[in-house]
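# Okay, predicted coordinates and the sequence, questions at the end:
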Amino acid sequence: MVSNLWMHFFEAVVLIGLGIGAAILPSYFSFKLEQFLGVVFIASGVVQLIRVCVDRTLARSLLYFLIALLYLASGIMFWIHPYISMFSFGFILMAFLMADGVAKLILGYEIFPKARWQGAAACGVLSLIMGVSIWAEWPLTSAWPRGILAGANLFLYGCALFGLALKERTSKKTTAIF
């Protein structure tokens with residue numbers, strides 16, 4: 001069980017780091033942004049898939065698995081077709097954020113009795129708000145600084161996972177004492 005806890009911390013730190021990197025580096029990678037975000041999403045998907053495979057105690061591992069596949073599929077598309085994704089990125093990002101938002105809201109609902117469910121739900125609401133804001137002004141929103149949006153999503157999800165891992169750690173220490 002200790003390794004699962006450290007895997008949660010590792011995933012949270014990786015997602016927070018990737019989120020910060022995705023928000024800071026887009027100006028430097030202006031033309032290669034889609035490939036860079038593809039790498040970010042692929043890495044995030046791989047880390048999440050590893051966590052799903054390692055942590056057999058997840059009550060809703062199918063939902064975690066689907067979120068990881070969503071990150072992987074989006075990342076592969078950005079990596080393989082950077083020019084096409086450059087022009088259609090607003091629509092792709094909108095679809096990703098809406099699907100990600102719904103999945104995280106469901107995840108927040110499923111872990112509702114546990115503490116820190118608000119982080120997953122807040123991430124879901126934020127993803128939905130960003131997706132709807134892109135949809136409202138698409139195709140003009142294709143020129144938005146995409147790294148900031150993706151970085152904010154990864155950063156907040158990493159923070160939510162970090163909070164959940166901290167709560168899990170303190171509840172295990174409390175249980176062990178008694």
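Ah, there it is.
# Tell me how far Tyr157 lies from Ile76.
19 Å (CB to CB, to the nearest Å). Just so you know, the C-beta spots here come from the backbone N, C-alpha and C atoms, and that holds for glycine as well.
# Looking at these two, which is more packed in?
Neighbour count, other CB atoms under 10 Å: between Tyr157 and Ile76, Tyr157 has more, with 29 against 14.
# OK, contacts around that one?
Listed by CB atoms under 8 Å, 6 or more residues apart in numbering, the contact set of Tyr157 reads Leu15, Gly19, Lys104, Cys123.
# What strand or helix carries Ile129?
Using DSSP states H and E, Ile129 sits within helix 117-136.
# contacts for that helix?
So helix 117-136 is contacted by 90, 93-98, 100-109, 111, 141, 144, 149, 152-153, 156-157, 159-161, 163-164 (CB under 8 Å, 6+ apart).
# Go ahead and flag the most central residue of the chain.
Leu154 (4.4 Å; CA atoms, centre = their mean).
# Pretty sure it sits against Val14.
No: using CB atoms under 8 Å as the test, Leu154 is too far from Val14 to be in contact (9.1 Å).
# which residues are in contact with both of those two?
Listed as contacting both Leu154 and Val14 by CB under 8 Å, 6+ apart are Ser44.
# hmm, back to that, just give the nearest non-adjacent residue to the residue nearest to the centre of the chain, would you?
The shortest distance from Leu154 to any residue other than its chain neighbours is 3.4 Å, reached at Gly19 (CB to CB, 6 or more residues apart in numbering).
# Pull the number of nearby residues for Ile80.
By other CB under 10 Å, 12 other residues sit near Ile80.
# ok, now His81?
Neighbour tally, His81, other CB under 10 Å: 16.
# try the one 3 residues further on
Neighbours of Ile84 under the rule other CB under 10 Å: 13.
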